[in-house]
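I'll drop the sequence and a predicted model, then ask my questions.
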Number of protein chains: 2
Amino acid sequence: MLVYYLRLMARIKIDKNSSRKEVIVAKAAALFREKGFKAASMRDLAESVGVEAASLYNHIKSKTELLHELCFGVANRFMHKMDEVESQKIPAIEKVETMIRFHIDEMINHYEEVYVSDREWKHLSDPYLSNFQNQRRMYRKRFAALIEAGIRDKEIKKIDAPTAVLILLHAIGGIESWHRSTQKISAAALTDNMITILVGGLTNK
Amino acid sequence: MLVYYLRLMARIKIDKNSSRKEVIVAKAAALFREKGFKAASMRDLAESVGVEAASLYNHIKSKTELLHELCFGVANRFMHKMDEVESQKIPAIEKVETMIRFHIDEMINHYEEVYVSDREWKHLSDPYLSNFQNQRRMYRKRFAALIEAGIRDKEIKKIDAPTAVLILLHAIGGIESWHRSTQKISAAALTDNMITILVGGLTNK
């Protein structure tokens, strides 16, 4: 009875940099990555946050709302970065390198959100689903356009730009294995190795 | 009744280059890729082969046997290629390129088997499971050793070889998106682009 009372009283732990809702979304990302969106329950989430399921509903409406927060939150970060990079006055190959570094950094430091946004978006429903798919398509086109600009400027080898985007994004997706690896090299070394191989592979020398 | 009789009489279609069992294994690969090993049934398989489920059992014992055939069949092909390449008297960077080309070719031309072997091996049971995992680990070590030899010979940039293997294998895994793409470049162009970026990225110039 006392335990029950204590759990009811438990507040969601926050630090000064994140709201209660942000804590819930972060825990949801970890849970959805581990169990998959379908299999994860609000009860699992409440347990992971350390509160009763009922108190989650003070902050979010549904499991679906959490998927929206995650997918569109990640999409926004990538879109903002792309806007920023496109407007910079630097050579195209440097723009491409900046975007590759951003992807690597996201995969290292915001792994769970990125993973969920990349795999579990299939559980979105329309209009969210088509909207999200269109954003992905558009993002890849803009990434390919950066590469095409680099080819025109002879900074990047003559390659098929959409294929290069496919290769880059999948290679960076391999950071999933790095997270699971028991004998990890450091995040900085991982980033250096990826940049050496991928930017080195694109650069026209 | 006539339909039933005709179906009973139906023989598994083969051409002179493949046995009935090979046809069944190939159809199983397509089915397991599409539905996943767990969800696919022997009835689905019989339908895809165009015979009654009962007649499948003249050729194979169980769904599990098919998973073994697929996983260990693919593992054997990669191991044989690695044996062959290791024994060649060519520079290490060329060995690495040969293996990358082999991976690309397998992903293009034997996509379904490779996909199933790469994703669905989790459904193997011991002793097959640990045996298969050990083979994968060993294969990656041998691949990394080719890269390390190239680094020693100054043909390959100073990179972390296991990380390079991770990047290469995931990048090549991106051919999955190519298969799904509606606006595909040719297989030859895909291969050229991958070699340009990946071998170009490794090569010490």
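Everything's here; your move. Numbers count the residues shown, from 1 in each chain, chains lettered A, B, ... in the order given.

Can you find the helix or strand of chain A with the lowest average pLDDT?
None of the helices or strands of chain A scores lower by mean pLDDT, DSSP states H and E than helix A:2-9, at a mean of 50.

what's residue A:176 in contact with, if anything?
Neighbour list for residue A:176: A:107, A:111, A:115 [criterion: CB atoms under 8 Å, 6 or more residues apart in numbering or on different chains]. (Each C-beta comes from the backbone N, C-alpha and C, glycine too.)

quick one: which of those residues is nearest to chain B?
Checking the contacts of residue A:176 against chain B with CB to the nearest CB, the nearest one is residue A:107 at 11.1 Å.

what about the closest one, how many residues close to it?
Residue A:107: 23 surrounding residues under other CB atoms under 10 Å in any protein chain shown.

and chain A, which of its residues are near chain B?
Residues of chain A lying close to chain B (CB under 8 Å from any CB of the partner chain) are A:157, A:159-160, A:162-164, A:166-171, A:173-174, A:177-178, A:185, A:189-190, A:193-194, A:196-202, A:205.

Can you go through those residues and name the buried ones?
A:157, A:159-160, A:162-164, A:166-171, A:173-174, A:177-178, A:190, A:193-194, A:196-202 (16 or more other CB atoms under 10 Å in any protein chain shown).

on that earlier part again, output the contacts of residue A:176 in CSV; the columns should cover distance to residue A:150, pLDDT and secondary structure.
Below are the contacts of residue A:176 laid out as CSV (distance: CB to CB, whole Å; pLDDT from 0 to 100; DSSP: H, G, I helix; E, B strand; the rest coil):
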residue, distance to residue A:150, pLDDT, secondary structure
A:107, 22, 96, helix
A:111, 28, 95, helix
A:115, 29, 95, helix
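
got any ranges where chain A has weak pLDDT?
Applying pLDDT under 70 to chain A flags residues A:1-18.

Mind doing that once more with 90?
Across chain A, the ranges flagged by pLDDT under 90 are A:1-23, A:50-56, A:58-60, A:181-184, A:204-205.

Can you tell me which residue is spatially central in it?
In chain A, the residue lying closest to the centroid (CA atoms, centre = their mean) is residue A:114, at 2.1 Å.

and the strand or helix carrying residue A:54, what does it pack onto?
Per DSSP states H and E: residue A:54 is located in helix A:53-56. Helix A:53-56 is packed against helix A:42-49, with contacts defined by 3 or more CB pairs under 8 Å, 6 or more residues apart in numbering or on different chains; DSSP states H and E.

could you redo the last one with a cut-off of 10 Å?
With contacts taken as 3 or more CB pairs under 10 Å, 6 or more residues apart in numbering or on different chains; DSSP states H and E, helix A:53-56 sits against helix A:2-9, helix A:20-35, helix A:42-49.

After that helix, which helix or strand is next?
Scanning forward in sequence from helix A:53-56 by DSSP H and E, the next helix or strand is helix A:63-86.

now the angle from that following helix to helix A:20-35?
Using axes from the mean of the first three to the mean of the last three CA atoms, to 10 degrees, one finds that helix A:63-86 and helix A:20-35 are set 100 degrees apart in direction.
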